[in-house]
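# coords please:
(one chain, ligands or ions: 3)
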Amino acid sequence: MVSHSGLLTIMERAARKAAPRLRRDFNEVQHLQVSRKGPADFVSMADKRAEQTIFEELRKARPDWGMLLEEGGKIEGDPDKPRWIVDPLDGTSNFLHGIPHFAISIAVEDPRGAGGQPEITSGLIYQPLTDESFWAEKGRGAWLHDGRLRVSARRHLDESLIATGIPFLGHGDFAEWTRIFGAVAPEVAGIRRFGSAALDLAWVAAGRYDGFWESGLQPWDVAAGLLLVREAGGFVTDFRGGDQAMTRKQVLAANDALHSKLHKLVAGALRNK
Ligand code: IPD
Ligand code: CA
Ligand code: CA
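Ligands and ions are numbered 1, 2, ... in the order given. Okay, the predicted model is just below:
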């Protein structure tokens with residue numbers, strides 16, 4: 001039985017405080033599908049409400065820390081202290097359409113991690129509808145509740161299930177995604193696009209998916225998930241194989257064997273423009 005740190009307790013408390021209202025709002029949204037205006041405004045309110053609850057909890061616990069909030073933007077804090085990175089609702093389109101696949105993502109970024117560079121040191125991805133709490137702390141592993149997570153052990157592309165995020169109206173590079181898809185899809189057992197990058201990464205950490213790629217993601221989409229995959233023994237890089245996944249907004253995640261195979265396919269696809 002493992003117990004997480006006081007910091008993780010704060011993060012989990014914040015997520016669990018926002019979750020009941022999100023669950024109620026999600027049930028409500030299912031009834032709004034048939035209205036002509038649709039539930040978009042309602043969902044945007046639910047999103048903001050969840051963020052406000054998380055913000056208040058985190059602020060109460062660490063008043064001098066800065067924050068990067070998807071909805072509220074950047075809040076400056078003590079530059080020598082860590083900051084929170086929060087996505088209160090990852091999988092908004094699913095939520096909006098009554099599809100039960102979305103999560104809250106909260107991460108801690110230390111301004112002076114390894115090599116003096118900012119580094120994610122704690123991450124929590126909480127799925128309100130399943131009550132699954134994926135969490136990781138630097139050097140202490142990745143966990144689902146109190147069960148240790150490991151990335152999948154599959155070593156061959158032809159048995160692997162790979163997740164991705166597909167560009168959509170106003171987001172992403174269709175030509176790039178299509179090239180990568182054209183290189184990866186024929187080699188693997190299946191491709192999935194479930195619509196929550198945070199859960200995609202949590203599921204790679206849990207060995208449910210064997211790998212994941214997406215570009216154009218924001219820090220709040222991936223901060224917690226990157227740590228989860230790494231602490232579960234996996235690799236996360238940008239498309240060049242470097243360690244700038246968050247800053248380059250390119251994520252390629254998998255176990256060691258599949259990561260190098262996927263990276264070859266991705267690099268080849270991007271070379272053959
Ligand atoms: C989105 C999800 C989705 C990804 C998008 C993100 P949101 O976040 O993570 O899977 O493909 O690029 O914007 O808008 O639901 O918080
Ligand atoms: Ca998101
Ligand atoms: Ca969001």
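# could you pull out the helices for the protein?
Along the chain, the segments classed as helices by DSSP state H run 6-32, 40-61, 92-96, 174-184, 197-205, 219-231, 245-248, 256-271.
# Pull out the buried positions in the longest one.
Of the residues in helix 6-32, those scored as buried under the neighbour-count criterion (16 or more other C-beta atoms under 10 Å) are 7-8, 10-12, 14-16, 18-19, 22, 25-26, 29, 32. No exception for glycine: its C-beta is placed from N, CA and C like everyone else's.
# Closest residue of the stretch 151-273 of the chain to ligand 3?
When scored by C-beta to the ion, the stretch 151-273 of the chain has residue 220 as its residue closest to ligand 3, at 6.9 Å.
# What pLDDT does the model give residue 155?
Among the per-residue scores, residue 155 holds a pLDDT of 97.
# Revised request: answer the last question for residue 205.
Reported pLDDT for residue 205: 98.
# Is it in contact with residue 135, as I believe?
No - Residue 205 is not in contact with residue 135 according to C-beta atoms under 8 Å; the separation is 10.0 Å.
# Of those two, which one has the most company?
residue 205 (33 against 30; other C-beta atoms under 10 Å).
# residues touching that one, list them.
134, 136, 142, 149, 151, 225, 228-229, 231-232, 234 (C-beta atoms under 8 Å, 6 or more residues apart in numbering).
# try it again with 6 Å
142, 149, 228-229, 232 (C-beta atoms under 6 Å, 6 or more residues apart in numbering).
# farthest-separated two in those residues?
Using C-beta to C-beta, the contacts of residue 205 reach their maximum pairwise distance at 149 and 229, which is 9.2 Å.
# Comparing those two, which residue is more hemmed in?
Taking neighbours as other C-beta under 10 Å, residue 149 and residue 229 compare with residue 229 leading, 32 against 24.
# So what's the predicted local confidence for the more buried one?
Looking at residue 229, the pLDDT reads 98.
# go on, residue 158?
pLDDT, residue 158: 98.
# for the one 4 residues further on, same thing?
In this prediction, residue 162 carries a pLDDT score of 98.
# Could you show which parts of this structure are in contact with ligand 3?
70, 87, 89 (C-beta under 5 Å from the ion).
# rerun at 8 Å
47, 70-71, 87-92, 220-221 (C-beta under 8 Å from the ion).
# check those residues against ligand 1, which are close?
87, 89-92, 221 (C-beta under 6 Å from any ligand atom).
# Bridge partners for the residue of the stretch 51-200 of the chain found nearest ligand 2, pull those for me.
Per C-beta to the ion, residue 90 is where the stretch 51-200 of the chain lies closest to ligand 2, at 3.8 Å. Note on residue 90: beta-bridge partners residue 103, judged by DSSP bridges.
# From what I see, it and residue 195 are in contact.
No - here residue 90 does not reach residue 195: they are 8.9 Å apart, not a contact under C-beta atoms under 6 Å.
# Of the two, give the one with the bigger neighbour count.
residue 90 (28 against 20).
# Go through the buried residues of helix 6-32 and name the one with the lowest pLDDT.
Pick the lowest pLDDT in the buried residues of helix 6-32 and you get residue 32, at 73.
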